[in-house]
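Enquirer: Starting from these lines, generate the structure:
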Amino acid sequence: MTDHTEILRHLMNQAGISSFQLLSDRTGISRRAIDTLRKGNAPTLRYSDLAKLAEVLQIEVNEVIAKFINESNNSEGSISAIAALREEYQRLQQQFEHQKQELRSQFERETIHQLESLLLQLPSAAYAAQQNPNMLAKNILPLLRPLDALIQKWGITMISSVGAEVAYDPQRHQLMEGNNELEEGSVAIVRYVGYMQGEKLLYRARVSIPT
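Expert: Residues are numbered from 1 along each chain as shown. Modelled structure (predicted):
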């Protein structure tokens with residue numbers, strides 16, 4: 001069985017770790033597990049231990065596997081262990097990507113919630129400013145362009161535009177309070193825009209009956 005002590009010492013020196021005890025302290029891995037690694041029995045270790053070692057030694061997990069698991073050892077147990085480690089690595093990579101995407105989606109949802117008032121009120125304020133050049137609000141409209149870029153980056157699109165005449169669709173439009181009931185397909189005026197994110201409805205556009 002191959003002794004991997006010198007390989008481990010070399011990696012420790014590169015990472016500025018002077019002793020096996022210090023390596024144990026930094027990784028949270030027992031000295032017994034580290035001795036197991038040194039003796040060439042890495043396939044018997046848990047993947048989580050190998051991942052901790054890789055992090056502290058500042059190398060990739062794949063490199064740990066390559067350096068400490070001797071694939072030339074054709075014993076059935078060693079080959080099975082190597083295969084199991086690789087499968088677990090791939091599974092955890094996929095799990096990590098899924099979690100990263102979920103965290104991103106959660107962040108977007110929370111941000112959209114925080115911006116809800118601005119998203120719903122801003123287009124109407126912009127429309128009013130454009131209709132009245134004397135309004136001071138017109139001067140601040142260019143400052144809001146980064147917000148437009150942000151929602152475009154997230155794939156968020158507006159439902160219609162303020163002042164537009166649209167065919168009333170209760171799935172996409174919400175009739176404002178004080179208006180009589182409106183039949184689907186009837187003409188309505190958009191007062192506040194709505195938003196979609198891909199195929200998902202975030203907010204319906206608020207409309208009123210033409211006067």
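Enquirer: where in this protein is pLDDT low?
Expert: 1, 70-83, 85-86, 89, 133, 135-143 (pLDDT under 70).
Enquirer: go again using 50 as the cut-off
Expert: 71-74 (pLDDT under 50).
Enquirer: Tell me where the longest strand sits in it.
Expert: Criterion DSSP state E: the longest strand present in the chain is strand 187-192.
Enquirer: in that one, what's buried?
Expert: The neighbour-count check on strand 187-192 (16 or more other CB atoms under 10 Å) flags 188-192 as buried. C-beta here means a position set from N, CA and C on the backbone, and glycine is covered the same way.
Enquirer: Give the other helices and strands that that strand contacts.
Expert: helix 116-131, strand 165-167, strand 173-175, strand 205-208 (3 or more CB pairs under 8 Å, 6 or more residues apart in numbering; DSSP states H and E).
Enquirer: Which strand or helix spans the closest residue to residue 44 other than its chain neighbours?
Expert: Leaving out its chain neighbours, the residue that sits closest to residue 44 by CB to CB, 6 or more residues apart in numbering is residue 36, at 6.3 Å. Element membership of residue 36, judged by DSSP states H and E, is helix 31-38.
Enquirer: Next secondary structure after that helix?
Expert: Criterion used, DSSP H and E; the element after helix 31-38 is helix 47-57.
Enquirer: in that next one, what's buried?
Expert: Buried, per 16+ other CB under 10 Å, within helix 47-57: 47, 49-54, 56-57.
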